[in-house]
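> all I have is the shape, not the residue letters:
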């Protein structure tokens, strides 16, 4: 593993901790948090598929 790969892993873990702590501050129930996460995944999937279909 190169040093650049190690730095990217540390950066991504830091981003996940930051996002996780922000979500923890909302004190959402597990069910509503899961529904919100699935909604965001669906939004990004729809946008990705739309761009993929429109791209020449």
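It's in. Given the structure is predicted, the values throughout are model-derived calculations rather than measurements.

> what distance separates the one helix or strand residue 50 maps to from the centre of its chain?
Taking DSSP states H and E as the criterion, the element that holds residue 50 is helix 30-54. Put simply, helix 30-54 sits 10 Å off its chain's centre (C-alpha atoms, centre = their mean, to the nearest Å).

> name the residues that touch that helix?
Helix 30-54 is contacted from outside by 23, 28, using C-beta atoms under 8 Å, 6 or more residues apart in numbering. All C-beta atoms are positioned from the backbone trio N, CA, C, and that covers glycine.

> count the residues that sit near residue 23.
As a burial measure, residue 23 scores 13 neighbours (other C-beta atoms under 10 Å).

> distance of it relative to residue 5?
27 Å (C-beta to C-beta, to the nearest Å).

> for residue 24, same thing?
For residue 24, the distance to residue 5 equals 28 Å [C-beta to C-beta].

> residue 37 now?
Using C-beta to C-beta, which is the criterion applied here, residue 37 is 27 Å from residue 5.

> more neighbours: these two, which one.
Between residue 37 and residue 5, residue 37 has the larger neighbour count (other C-beta under 10 Å), namely 12 against 9.
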